[in-house]
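J.: Kindly return the folded structure for what I paste below:
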Amino acid sequence: MKNNGKIRSLSNTGLTCIATIGFLGYIPFAPGTIGSLCALALFLLIDLPLYTHFAVIITGALLGVYASSTAEKILKEKDSRKIIIDEFIGFYVSVFYLPKTLGFAVAAFLLFRFFDILKPLFISKLERTLSGGLGVMADDILAGVYTNIVLQIWLLVFKT
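T.: Sure thing, here's the model as predicted:
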């Protein structure tokens, strides 16, 4: 039994580490922006095939829900600012199936932060309605969807 307690504790620590993306969530200023910048940097540095990008979003969202739920309990804070896996995955949603250019990546970052911070168009309601890790992840995923829609429309209108 004692051994299981240690394993569970290690598991909880690992899940919290995932939710906070290691030490990044503990940076005292703008941790959500830091999480989004980390995603932006990885997006620009690593060329993922479309199906892998999709798998990162799905796996990250599912793992993020579980890790965020655990981290909320350990950190003793509902939707703690330290939990930034939601911003990371939300950014990856915002750039899904878009041209991989610096211009689109920066536009996605700025639009995503706009939607994530101001929470317009049902994002705020979604965050209030859902609880635990699902609530933590869902509002940022929706912010990413809105960002992606705006940029897809831009592509259609301006044929860039």
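J.: I figured residue 148 was touching residue 104, is that so?
T.: No - using C-beta atoms under 8 Å, residue 148 is not in contact with residue 104; the gap is 10.4 Å. (C-beta placed from N, C-alpha, C; glycine too.)
J.: Between those two, which contacts overlap?
T.: By C-beta atoms under 8 Å, 6 or more residues apart in numbering, residue 148 and residue 104 have these common neighbours: 95, 98.
J.: immediately after the helix or strand encompassing residue 128, which helix or strand?
T.: Assigned by DSSP states H and E, residue 128 belongs to helix 123-129. Following helix 123-129 in sequence order, the next helix or strand is helix 132-158 (DSSP H and E).
J.: Go through the helix holding residue 128 and flag the buried ones.
T.: Using 16 or more other C-beta atoms under 10 Å as the test for burial, helix 123-129 gives 123, 126, 127.
J.: For those residues, could you give me CSV that also reports pLDDT and distance to residue 44?
T.: CSV is the format used below for the buried residues of helix 123-129 (pLDDT from 0 to 100; distance: C-beta to C-beta, whole Å):
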residue, pLDDT, distance to residue 44
123, 93, 26
126, 90, 29
127, 84, 28
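J.: can you list those residues in TSV and add distance to residue 143?
T.: Putting the buried residues of helix 123-129 into TSV (distance: C-beta to C-beta, whole Å) gives the following:
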residue	distance to residue 143
123	6
126	10
127	10
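J.: Please identify which of the residues you listed is nearest to residue 84.
T.: Distance to residue 84 across these (C-beta to C-beta) is lowest for residue 127, with 15.1 Å.
J.: dump the residue contacts of the closest one.
T.: Contact analysis of residue 127 by C-beta under 8 Å, 6+ apart lists 79, 119, 135, 138, 139.
J.: chain center to the helix holding residue 128, what's the gap?
T.: Chain-centre distance of helix 123-129: 16 Å, with C-alpha atoms, centre = their mean, to the nearest Å.
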